[in-house]
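A.B. asks: Predicted model and sequence below, questions to follow.
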Amino acid sequence: SIDPKAPSIRMLIARTFDELKQPDSAFVALHEAKAAGEDGQAVGGYALNLGNKLFKLGQDALNKAQQTKTSEDYATAIAANMLVLPWVTFADSTLTAAENKNQAKFILGVAAFQISVAAVSDAPKTKSCELAKMAAEYIMIANINLPAGGRFAPDAVTQLMPVVPQIMTGADQMVKAYCK
């Protein structure tokens, strides 16, 4: 029989849940692995890997929404990017290597940026207070995490950072106009 307290058993459990396409269970298993004192770099690295896979899906969803400009596709892009956040936040809290922590912050910052872009793009259609507030909230998360992520991907961050104040201003104006 398998000893449930054997070293790295929780990582094996997390991988098994991932292979079975059960991400919620994999996430719980990774938290249990961290709590049990398993190697933080290994636990965080696996969470970062899964977060990165979700991040690519989020990027694809935003690209589609920017082409179709439908509220349904913007909502899908927001939802897809929201799935990234707990994974990379957990990874950042667990990882020990600076390069990997910077990568987690980069992905967190870009996913938050993408949520904000989708929300600020769709909010004017229905004068949505909720989307305007979402855009304002997530652009702040992007503003905090992108600079640290710049150590991982300086070129990408150099392109995104000048856009952040523009989105902040637009989101703030929409909150004032739509949230009365």
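C.D. replies: Sure thing, it's come through.
A.B. asks: Look up the pLDDT of the closest residue to N81 other than its chain neighbours for me, please.
C.D. replies: Setting aside the residues directly before and after it, N81 is nearest to G58 in space (Cβ to Cβ, 6 or more residues apart in numbering), at 3.8 Å. (Each C-beta comes from the backbone N, C-alpha and C, glycine too.) pLDDT, G58: 97.
A.B. asks: What count of nearby residues applies to G58?
C.D. replies: Using other Cβ atoms under 10 Å, the number of residues around G58 comes to 27.
A.B. asks: any idea how far it lies from G37?
C.D. replies: According to Cβ to Cβ, to the nearest Å, G58 stands 32 Å off from G37.
A.B. asks: Check I167 too.
C.D. replies: Per Cβ to Cβ, I167 is found 41 Å from G37.
A.B. asks: go on, S128?
C.D. replies: The span separating S128 from G37 equals 45 Å under the rule Cβ to Cβ.
A.B. asks: Looking at these two, which is more packed in?
C.D. replies: A count of neighbours by other Cβ under 10 Å puts S128 above the other of S128 and G37, at 18 against 10.
A.B. asks: tell me, how many neighbours does the closest residue to that one other than its chain neighbours end up with?
C.D. replies: Nearest residue to S128 in three dimensions, chain neighbours excluded: Y178, at 6.3 Å (Cβ to Cβ, 6+ apart). By other Cβ under 10 Å, the residues close to Y178 number 17.
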